[in-house]
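> Next input, structure requested:
(one chain, ligands or ions: 1)
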Amino acid sequence: MYPFRILGMALSSLPVGVVLAQQQDSIASWVLLLFTGLLWPQLALWRSWRSRDPDRTERQNLLIDSAIAGLWVPLMHFNLLPSALIATLAVVDKINTGIRGLWLRSLPGMLGAIVLGGVLTGFAFAPATSMPVIIACMPILLIHTVAVSLNGYRLVRRVHYQNQRLDELSRTDPLTGLDNRRQWEEHAQRVLERRHTGLGPATLVMVDIDSFKAANDGRGHAVGDDVLRGVAAVLRDCIGDHGHAVRYGGDEFALALEVDEPRALAIAESIRRQVGALSFVAAPGLHCTVSLGVATASAGMSLRRWMVAADTALYNAKDAGRNRVATPIRDDGADPSATAPVRDGTCEAAR
Ligand SMILES: Nc1nc2c(ncn2[C@@H]2O[C@H](COP(=O)(O)OP(=O)(O)OP(=O)(O)O)[C@@H](O)[C@H]2O)c(=O)[nH]1
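Presented below is the predicted three-dimensional model:
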């Protein structure tokens, strides 16, 4: 508030000063003008600084601003243009704070000050505004209006930016920056529908960090987070614009790819190699591996059954010793996902 108060009070002092000069006013009025134009903004700042509740104190300061504006109306003998301008800007400033109802709450103080000033001056009434006063009103009229508009613009931009950030945060996993689960499932559903309408292949890859609990418990949660971020970066890098990745559960990721199985297997293998080559500044010597399950969508398959198939493939990779890529088809040729019951819940629950 400080720059706006300094600007508003200093610029308002100009027309008030010209009116006082024309009225050949007393020294007391000039002292009051000096106080409101120069000293009051400093005093208001000091009050807020030393306050235990600066917010509340600043609201009081704003109400005092309005009372000061009201006081000048009768002291200027109701000189029309500066009186209307100063009183209006006092109300506009309250509205611009965005504090609900503040402008309404400022009115009694302003009206009280008008009555008080009126009593002190015997309600002297000289509304005509001379050309010098009109000219002296121009700086506050122009500069204050532009400054308030620029501030409004800045606030609107900030709200817009924050809304964008909120939107992003609601769509992404805060740790890895990957899609959140709802966002990803919508994408996976679209990939599946494309497959069912013959517009392209669809392959799902489940990725799970091997023995992550041991690394997490042994090296600490912060290192665990580094590993999750590192794996997410590899996933993002390897899938490029072939699909979307999600952190599906704690150390489990899922990729919905618009590629056929050989291409998905190649991508999965590349992920496996790149994760194996990751190193971590906070944990020298730590190396992680991942197991991956790859399942291509077949005709009419639902998203849930597709995920069960990929989960089964991941299960196979884990069973075969981890750090490998597998499909739902076991070595004996059976495809357990074809008969696996479809369950709700997380991948952990599915295993
Ligand atoms: N650092 C960190 N750890 C997490 C987060 N979410 C889950 N975890 C941890 O991830 C670990 C997952 O452990 P498990 O589900 O036992 O999996 P695992 O140790 O990788 O075992 P396998 O999957 O069989 O190889 C648990 O220790 C969780 O505490 C997270 O956001 N950050």
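
> And the strands in this structure?
203-209, 243-247, 252-257, 290-296, 325-326 (DSSP state E).

> Identify whichever of those strands lies nearest to the ligand.
strand 203-209 (4.9 Å; C-beta to the nearest ligand atom). All C-beta spots, glycine's among them, are computed from the backbone N, C-alpha and C.

> who does that closest one pair up with?
Sheet pairing for strand 203-209, assigned by DSSP bridges, gives strand 252-257 (antiparallel), strand 290-296 (antiparallel).

> okay if I get the ones you listed as JSON lines plus mean pLDDT?
Below are the strands paired with strand 203-209 laid out as JSON lines (pLDDT from 0 to 100):
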{"stretch": "strand 252-257", "mean pLDDT": "96"}
{"stretch": "strand 290-296", "mean pLDDT": "96"}
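
> Against Ala254, how distant is Ala188?
Distance, Ala188 to Ala254, using C-beta to C-beta, to the nearest Å: 8 Å.

> same question, Val156
In terms of C-beta to C-beta, Val156 sits 39 Å off from Ala254.

> per-residue confidence for His144?
pLDDT for His144: 86.

> List the residues that contact it.
Leu7, Gly8, Leu11, Leu89 (C-beta atoms under 8 Å, 6 or more residues apart in numbering).

> Please identify the residues of this protein in proximity to the ligand?
Applying C-beta under 6 Å from any ligand atom, we find that the chain lies next to the ligand at 175, 208-213, 216, 221, 224-225, 228, 250-251, 318.

> Reformat the strands of the chain as CSV; add mean neighbour count.
As requested, the strands of the chain are exported to CSV (neighbours: other C-beta atoms under 10 Å):
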stretch, mean neighbour count
strand 203-209, 27
strand 243-247, 24
strand 252-257, 27
strand 290-296, 27
strand 325-326, 24
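
> quick one on the thing from earlier: scan the residues of the chain next to the ligand and report the most crowded one.
Asp208 (26 neighbours; other C-beta atoms under 10 Å).

> Can you give the domain ranges for the protein?
2-168, 181-350 (automatic domain parsing).

> mean pLDDT for those domains: which is lowest?
domain 181-350 (a mean of 87).

> buried stuff in the longest helix along the chain?
If you go by DSSP state H, the chain has its longest helix at helix 145-171. The neighbour-count check on helix 145-171 (16 or more other C-beta atoms under 10 Å) flags Val148 as buried.

> Ok, stretch 186-196 next?
His187, Ala188, Val191, Leu192, Arg195.

> Spit out the contact partners of the first one.
Residues near His187 by C-beta under 8 Å, 6+ apart: Asp179, Gly243, His244, Ala256.

> Pull the most distant pair out of those.
Maximum pairwise distance among the contacts of His187 (C-beta to C-beta): 10.3 Å, between Asp179 and Gly243.

> one step back: distance to Leu102 for the strands paired with strand 203-209 - can I get that in a markdown table?
Listed next are those as a markdown table, based on distance: least, C-beta to C-beta, whole Å:
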| stretch | distance to Leu102 |
| --- | --- |
| strand 252-257 | 50 |
| strand 290-296 | 57 |
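
> Quickly list what's touching both of Ala188 and Ala254.
In contact with both Ala188 and Ala254: Leu204, using C-beta under 8 Å, 6+ apart.

> thought Arg181 was touching Val246?
Yes. Under the criterion of C-beta atoms under 8 Å, Arg181 makes contact with Val246 at 5.8 Å.

> what residues are up against Ala113?
Ser66, Ala67, Ile68, Ala69, Gly70, Leu71.

> if we can go back for a sec, which one of the domains of the chain has the most crowded surroundings?
domain 181-350 (a mean of 18; mean count of other C-beta atoms under 10 Å).

> quick check, distance from it to the centre of its chain.
31 Å (C-alpha atoms, centre = their mean, to the nearest Å).

> distance between the ends of stretch 69-86?
6 Å (C-alpha to C-alpha, to the nearest Å).

> correction: stretch 209-227
Taking C-alpha to C-alpha as the criterion, the two ends of stretch 209-227 lie 9 Å apart.

> do stretch 28-41 as well
Stretch 28-41: ends 19 Å apart by C-alpha to C-alpha.

> Now do that stretch: everything it contacts.
In contact with stretch 28-41 (C-beta under 8 Å, 6+ apart) are residues 2, 5-6, 9-10, 12-13, 16-17, 20, 64, 68, 71-72, 75.

> and the residue nearest to Tyr248 when sequence neighbours are not counted, what does it touch?
Of all residues not flanking Tyr248 in the chain, Ala254 sits nearest, at 4.5 Å (C-beta to C-beta, 6 or more residues apart in numbering). By C-beta under 8 Å, 6+ apart, the contact list for Ala254 reads Trp184, Ala188, Leu204, Val205, Met206, Val207, Ala245, Val246, Tyr248, Met307, Ala310.

> switch the cut-off to 7 Å
The contact partners of Ala254, taken as C-beta atoms under 7 Å, 6 or more residues apart in numbering, are Trp184, Leu204, Met206, Val246, Tyr248.

> For the second one, which non-adjacent residue is spatially closest?
So that's Leu204. Going by C-beta to C-beta, 6+ apart, Leu204 has Ala310 as its nearest residue, at 4.2 Å.

> which residues does Gly285 contact?
So Gly285 contacts nothing (C-beta under 7 Å, 6+ apart).

> separation between it and the ligand?
Applying C-beta to the nearest ligand atom, to the nearest Å, the value for Gly285 to the ligand is 18 Å.

> So in terms of bridging, what pairs with Phe253?
With DSSP bridges as the rule, Phe253 is bridged to Val207, Arg247.
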